[in-house]
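1. here is a sequence together with a model predicted from it:
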Amino acid sequence: MPAVVVNHGGDAPEFEGKVTVYVIICVFIAAFGGLMFGYDIGISGGVTSMDDFLKKFFMHVYEKKQHARENNYCKYNDGLLQLFTSSLYIAALLASFVASRVCTKMGRKPTMQIASVMFIIGVCLQAGGINIEMIVCGRLMLGIGVGFANQAVPLFLSELAPAKMRGALNICFQLFITMGILVAGIINYFTSTIHPHGWRISLGLAIIPAGILLVGSFAICETPTSLIERKNLDEGKSTLKKIRGTDEVIPEFESIVAASEMARQVKNPFSKLMKPSSRPPLIIAILLQVFQQFTGINAIMFYAPVLFQTVGFGSNASLLSTVITGLVNVFSTLVSIYTVDWAGRRILLLEACVQMFLTQVVIGLILLIDLKTTGSLNHTEAIIVVSLVCIFVGGFAWSWGPLGWLIPSETFPLETRTAGFAFAVSSNMLFTFIIAQAFLSMLCTMRAGIFFFFAAWILIMGLFTLFFLPETKGVPIDAMAEKVWKQHWFWKRYMVDVDDEVMMEKVHPHVK
Ligand code: BGC
């Protein structure tokens with residue numbers, strides 16, 4: 001059997017190797033980094049609305065909340081509390097740039113280990129918090145942990161996976177995010193009835209995914225790419241044999257060696273990122289994250305309990321909405337795992353745009369026509385809205401959710417991979433922060449119009465995908481420039497001087 005099989009219409013070389021049990025174990029352990037992130041997304045909102053927590057750290061918020069009058073669109077909210085919750089995203093944003101350097105210099109595995117240690121420190125500070133300083137420091141440490149984990153885990157998964165299974169294995173990160181969100185919602189429901197320390201249990205249980213990541217990380221390998229990049233050629237080759245389950249790894253090994261030689265000529269990855277040839281993956285990485293947040297997913301997930309209350313489930317509404325939207329989120333991510341490597345990335349993104357656009361518009365119309373400032377929808381309409389929310393979440397979960405992380409992790413060449421991915425992570429954090437800060441006031445002023453606002457963004461991202469997003473399924477990660485960017489009708493214009501840039505780096509390594 002030949003070592004290199006040329007397929008994909010003669011486009012992309014496919015290397016030997018299967019998905020070994022060892023790779024599955026590595027993927028499973030690393031994906032706990034996603035569970036840490038998802039658990040925090042799912043736990044924070046619930047904890048910051050628990051009276052025991054507010055009375056201890058945000059007394060003024062608790063007092064105001066007692067007297068606040070709410071209507072369907074203007075939920076009571078406190079800026080300071082909102083800032084506290086989203087401070088994690090700012091810490092993560094800044095940390096991702098440091099993490100990118102650590103990822104290059106020390107490897108993906110130590111970056112994940114640092115992530116879990118930071119996260120554990122943050123969990124201890126929060127769960128054992130006796131004053132506001134401890135709680136804020138804890139939140140910032142969690143943010144650093146998330147920044148490091150979100151930087152390292154998707155890259156680790158994409159580099160470990162054979163090209164033909166890269167999508168599926170990478171999406172395990174998102175799968176674990178969704179499981180974290182679901183589990184956290186259920187835990188909050190029960191701990192909110194445990195007084196006065198239920199919130200400590202909620203926050204403290206985050207130690208489980210972080211602990212599994214830390215302990216498990218000693219059993220996993222470094223990626224061959226990172227080993228070879230850091231000149232550990234022998235270890236890189238033996239790791240490649242181990243993860244591919246074959247000794248026939250020379251072609252893939254040589255392709256990584258070639259990529260890392262190219263990478264070594266680049267002295268400053270961040271200045272290389274500003275060169276024209278880096279524009280295609282950089283613009284796409286940033287826009288995918290902006291678009292992911294402007295689908296309105298986090299706003300919808302946040303708003304779901306209110307919508308469910310209108311169905312008439314009363315105090316069960318929040319648990320029910322968490323469980324229903326959470327399960328849809330988890331199971332729809334599985335759809336993505338099964339389809340992404342044969343149907344491709346583009347089709348999932350485009351199909352989901354249609355699905356999410358229609359659901360946002362119809363929800364907007366129903367609320368515009370029938371949901372007044374106070375009162376509720378009639379039973380049938382409420383059931384329709386809840387079903388539409390589920391269809392929306394399902395569409396997001398098999399497309400923009402996982403692919404927002406997958407595509408940026410597989411499209412940068414080695415020399416700018418960690419630096420470029422840091423832009424993806426930080427954009428995600430920045431726009432999550434922006435939506436978290438702005439959503440409630442936008443809902444209050446725009447009312448049902450907010451759903452049309454998100455629908456307009458979905459239209460824009462659909463057009464962007466149609467014209468500017470190339471298909472990357474099955475293309476080896478180190479062959480993207482040749483096989484994807486140089487072939488694309490629009491992006492190829494930035495690739496013409498790529499060889500000149502390399503020459504310039506060789507001759508004048510310090511010229512930026
Ligand atoms: C996004 C999060 C979102 C989650 C929902 C992730 O990919 O980055 O902002 O809450 O998906 O499942």
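-> That came in fine, so what should we check first? Please read all numbers here as calculations on a predicted model, not as lab measurements.
2. show me which residues of this structure sit near the ligand.
-> Counting by CB under 6 Å from any ligand atom, the positions of the chain adjacent to the ligand are 41, 174, 177-178, 181, 292, 297-298, 329, 401, 404, 428, 432. All C-beta spots, glycine's among them, are computed from the backbone N, C-alpha and C.
3. lowest pLDDT pick from those residues?
-> Scanning those for pLDDT, the low point is residue 298. It has 88.
4. circling back: which two of the residues of the chain next to the ligand have the greatest separation?
-> For the residues of the chain next to the ligand, the farthest-apart pair by CB to CB is 329 and 428; their separation is 16.9 Å.
5. before we move on, the earlier item: of the residues of the chain next to the ligand, which belong to helices?
-> Among the residues of the chain next to the ligand, the members found in helices (DSSP state H) are 41, 174, 177-178, 181, 292, 297-298, 329, 401, 404, 428, 432.
6. which one of the residues you listed has the most neighbours?
-> Within those, most neighbours by other CB atoms under 10 Å means residue 177, with 30 neighbours.
7. give me the three-state assignment for the closest residue to residue 29 other than its chain neighbours.
-> Of all residues not flanking residue 29 in the chain, residue 216 sits nearest, at 3.5 Å (CB to CB, 6 or more residues apart in numbering). Of the three states, residue 216 takes helix according to DSSP: H, G, I helix; E, B strand; the rest coil.
8. where's residue 94, which helix or strand?
-> Residue 94 is part of helix 79-105, with elements assigned from DSSP states H and E.
9. residue 46 now?
-> helix 32-47.
10. what angle separates that helix from helix 79-105?
-> Interaxial angle, helix 32-47 versus helix 79-105 (axes from the mean of the first three to the mean of the last three CA atoms, to 10 degrees): 170 degrees.
11. can you give me the mean pLDDT across the following helix or strand past helix 32-47?
-> Counting by DSSP H and E, the element after helix 32-47 in chain order, helix or strand, is helix 51-57. Across helix 51-57, pLDDT averages out at 94.
12. before we move on, what about stretch 146-161?
-> Average pLDDT, stretch 146-161: 97.
13. centre of the chain to that stretch, how far?
-> From the chain centre to the centre of stretch 146-161 is a distance of 10 Å (CA atoms, centre = their mean, to the nearest Å).
14. so who does residue 169 touch?
-> 19, 23, 27, 157, 158, 160, 161 (CB atoms under 8 Å, 6 or more residues apart in numbering).
15. check contacts around the closest residue to the fifth one other than its chain neighbours.
-> What that stands for is residue 158. Spatial nearest neighbour of residue 158, excluding adjacent residues (CB to CB, 6+ apart): residue 409 at 4.2 Å. Contact partners of residue 409, counting by CB under 8 Å, 6+ apart, are 154, 155, 157, 158, 170, 421, 424.
16. turn those residues into JSON lines, columns for secondary structure and neighbour count.
-> Shown next, in JSON lines, are those (DSSP: H, G, I helix; E, B strand; the rest coil; neighbours: other CB atoms under 10 Å):
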{"residue": "154", "secondary structure": "helix", "neighbour count": "31"}
{"residue": "155", "secondary structure": "helix", "neighbour count": "29"}
{"residue": "157", "secondary structure": "helix", "neighbour count": "29"}
{"residue": "158", "secondary structure": "helix", "neighbour count": "26"}
{"residue": "170", "secondary structure": "helix", "neighbour count": "30"}
{"residue": "421", "secondary structure": "helix", "neighbour count": "28"}
{"residue": "424", "secondary structure": "helix", "neighbour count": "29"}
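17. in the stretch 51-200 of the chain, which residue sits closest to the ligand?
-> residue 178 (4.8 Å; CB to the nearest ligand atom).
18. hang on, isn't that residue packed against residue 394?
-> No - with contact defined as CB atoms under 8 Å, residue 178 does not reach residue 394; the gap is 11.3 Å.
19. shared neighbours, these two?
-> residue 329.
20. so where is the stretch 251-400 of the chain shaky, pLDDT-wise?
-> Applying pLDDT under 70 to the stretch 251-400 of the chain picks out residues 306-307, 310-315, 374-375.
21. need the nearest residue in space to the closest residue to the ligand within the stretch 351-500 of the chain, chain neighbours excluded.
-> Per CB to the nearest ligand atom, residue 401 is where the stretch 351-500 of the chain lies closest to the ligand, at 4.1 Å. Once flanking residues are discounted, residue 401 sits nearest to residue 174: 5.4 Å by CB to CB, 6+ apart.
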